[in-house]
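J.: just the structure for this:
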Amino acid sequence: MRFLFKLLTPIIVILIVTLSLFLLEERKVFDIRTLAHIDPVPKTEQLIKENKYAEANEYLSYFMKYEYVNRDPKAITLLNDIKKVRESYKYKKDKFFEGLTQGKSDEDIGRITAIVSDFLVVGDVRDLTIAGTNYAKGQEVDKTIVALSSLGIIASASTLYTLGASAPIKSSISVLKFGKRAGKIPTWLDKLIIKEAKIATDTKSLKNIKKIVEPIHTLYNKVGLNQTLDLIKRTKNLSELKGMVKLSSKFGKESSVLIKNSGVKSLKLIQQMPNVKKGDILYASTYGSKGITALKRMGQSKFMKRMRISANLVKTGYKGNLDTLFTRLLKTIPTKILFGMAFLGLFYFLYKFSFLFRNVFPLKNKERV
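T.: Residues are numbered from 1 along each chain as shown. All right, here's what the predicted structure looks like:
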């Protein structure tokens with residue numbers, strides 16, 4: 001028995017050291033203990049309090065395809081409540097008049113009334129008249145709205161002259177006007193619109209403005225008005241705006257919530273993973289920006305395997321296979337303990353080798369004598 005113990009001890013130590021080093025190596029790539037699913041319920045409740053039912057529906061629906069949310073009674077109740085409100089006559093009536101009177105709305109019925117008036121030249125003339133009146137009274141004038149209205153009149157004339165060829169530019173200008181009223185145009189774009197509007201007014205040409213309106217027109221066609229404005233709002237320059245267009249080509253109407261979850265900084269990482277499945281990137285985003293980082297560092301296959309096993313561990317516990325055991329150890333054993341086990345194991349073998357060295361070499365010296 002004692003002999004068996006002496007034989008098994010080094011084997012067990014080797015296994016412990018090897019396992020510790022493997023766990024540490026994977027943690028070096030990414031520590032999955034830092035990952036936690038986003039709970040969409042608090043954010044949805046906040047949006048409902050702010051009467052942003054369309055955004056609340058879009059946000060919660062994004063998560064409902066995942067089991068950890070679609071089995072949550074609170075999430076199910078919230079989605080049903082949102083649906084009832086949005087389908088009510090009073091809500092639709094209020095949104096219609098919101099678009100008509102304020103020129104902005106987060107629902108289709110309100111957006112249509114707002115956009116139609118802006119698409120027609122009468123909307124541009126109205127806004128310029130209001131701006132002129134405000135200026136005469138010494139009141140604040142929105143320079144961006146003035147710039148967009150000026151561009152709108154030039155685009156309307158160009159649309160007639162080119163038999164509709166400039167219609168996409170005109171519709172994009174209407175989208176920007178809507179976005180300005182909704183407070184979703186970032187500072188960099190405000191400044192660029194004013195600058196390019198002056199050039200267009202002086203030259204009576206829309207050539208320069210195309211670099212702004214073309215990506216917006218593409219976004220609008222792919223994801224609709226609300227998401228177009230949400231994506232524009234998160235950009236800091238024209239390059240990021242073009243990046244949003246590429247994102248929308250792959251993720252469509254899920255682009256906005258994807259960026260909300262993972263942040264604009266994750267856009268570059270997503271672009272570096274062109275071959276990763278759309279569904280896997282969307283799933284990674286339910287862990288926030290860290291989920292996208294983990295997916296990039298660990299690779300698609302390993303990330304999805306670890307996350308699926310982690311989810312199953314929460315529901316059913318340990319099932320006895322090596323992958324499950326490895327993932328459980330990754331999530332539970334502190335890094336300090338892993339380092340401790342690795343160093344103790346190495347110390348054990350150093351001690352054994354030194355013991356062997358002391359016993360073998362004296363023997364050789366005696367043989368020479």
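J.: going forward, measure contacts between C-alpha atoms and count neighbours the same way
T.: Fine.
J.: assign the residue nearest the centre of the chain to helix, strand or coil.
T.: Within the chain, one residue has its C-alpha closest to the average C-alpha position: by Cα atoms, centre = their mean, that is Ile259, at 2.4 Å. Under DSSP: H, G, I helix; E, B strand; the rest coil, Ile259 falls in the helix class.
J.: which element follows the host helix or strand of Met307 toward the C-terminus?
T.: Per DSSP states H and E: Met307 is located in helix 300-316. The C-terminal neighbour of helix 300-316 among helices and strands, as given by DSSP H and E, is helix 322-332.
J.: can you give me the strands in the stretch 51-200 of the chain?
T.: Read by DSSP state E, counting those that start in this stretch, the stretch 51-200 of the chain holds no strands at all.
J.: what residue ranges in the stretch 51-200 of the chain score low on pLDDT?
T.: Along the stretch 51-200 of the chain, the parts satisfying pLDDT under 70 run over 100-104, 113-127, 130-131, 134-135, 157-167.
J.: kindly recompute the last result at 90.
T.: 67, 91-183, 196-200 (pLDDT under 90).
J.: and the stretch 201-350 of the chain, by the same measure?
T.: Judged by pLDDT under 90, the stretches of the stretch 201-350 of the chain that qualify are 201-214, 217, 220-227, 229, 249, 253, 263-268, 271, 274, 298-350.
J.: again, 70 this time
T.: Ranges of the stretch 201-350 of the chain meeting pLDDT under 70: 309-323, 325.
J.: what segments of it are helices?
T.: Taking DSSP state H, counting those that start in this stretch as the criterion, the stretch 201-350 of the chain carries its helices at 210-233, 238-251, 255-262, 266-271, 278-285, 289-298, 300-316, 322-332, 335-368.
J.: in a markdown table: these, plus distance to Lys28.
T.: Shown next, in a markdown table, are these (distance: least, Cα to Cα, whole Å):
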| stretch | distance to Lys28 |
| --- | --- |
| helix 210-233 | 33 |
| helix 238-251 | 29 |
| helix 255-262 | 22 |
| helix 266-271 | 19 |
| helix 278-285 | 19 |
| helix 289-298 | 10 |
| helix 300-316 | 14 |
| helix 322-332 | 11 |
| helix 335-368 | 10 |
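J.: Ile12 is nearest to which of these?
T.: Nearest to Ile12, of all these, is helix 335-368, at 9.6 Å by Cα to Cα.
J.: still on that earlier bit, out of the helices of the stretch 201-350 of the chain, flag the one nearest Tyr62.
T.: helix 255-262 (7.1 Å).
J.: tell me the angle of that closest one relative to helix 289-298?
T.: 90 degrees (axes from the mean of the first three to the mean of the last three Cα atoms, to 10 degrees).
J.: report the angle between helix 255-262 and helix 238-251.
T.: With the same axes, to 10 degrees applied, the angle from helix 255-262 to helix 238-251 works out at 110 degrees.
J.: show me what counts as buried in stretch 227-247.
T.: Using 16 or more other Cα atoms under 10 Å as the test for burial, stretch 227-247 gives 227-235, 238, 240-247.
J.: one more: stretch 208-219?
T.: Those would be 209, 212-219, for stretch 208-219 by 16+ other Cα under 10 Å.
J.: as JSON lines, those with distance to Ile112 would be great.
T.: Output for the buried residues of stretch 208-219, formatted as JSON lines (distance: Cα to Cα, whole Å):
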{"residue": "Ile209", "distance to Ile112": "24"}
{"residue": "Ile212", "distance to Ile112": "23"}
{"residue": "Val213", "distance to Ile112": "20"}
{"residue": "Glu214", "distance to Ile112": "21"}
{"residue": "Pro215", "distance to Ile112": "21"}
{"residue": "Ile216", "distance to Ile112": "18"}
{"residue": "His217", "distance to Ile112": "16"}
{"residue": "Thr218", "distance to Ile112": "19"}
{"residue": "Leu219", "distance to Ile112": "17"}
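J.: just curious, which of these is nearest to Gln46?
T.: Among these, and counting by Cα to Cα, the member closest to Gln46 is Leu219, at 27.2 Å.
J.: ok, that closest one touching Leu247?
T.: No: between Leu219 and Leu247 there is no contact under Cα atoms under 8 Å: 9.5 Å.
J.: let me see the contact set for the residue nearest to the centre of the chain.
T.: The contact partners of Ile259, taken as Cα atoms under 8 Å, 6 or more residues apart in numbering, are 231, 266-267.
J.: what of Pro73?
T.: Pro73 touches nothing, counting by Cα under 8 Å, 6+ apart.
J.: how far away is it from Leu148?
T.: Per Cα to Cα, to the nearest Å, Pro73 is found 46 Å from Leu148.
J.: ditto for Leu295
T.: 41 Å.
J.: do Ser174 as well
T.: Counting by Cα to Cα - Ser174 and Leu148 are separated by 8 Å.
J.: do Ser256 as well
T.: Counting by Cα to Cα, the gap from Ser256 to Leu148 is 25 Å.
J.: again with Val41
T.: Applying Cα to Cα to Val41 and Leu148 gives a distance of 38 Å.
J.: so for these two, which sits in the more crowded spot?
T.: Leu148 (25 against 20; other Cα atoms under 10 Å).
J.: that one touches Ser172, doesn't it?
T.: No: contact criterion Cα under 8 Å: Leu148 and Ser172 do not qualify, at 10.0 Å.
J.: that older thread, from the contacts of Ile259, which single one is nearest Ile16?
T.: Ser266 (36.8 Å).
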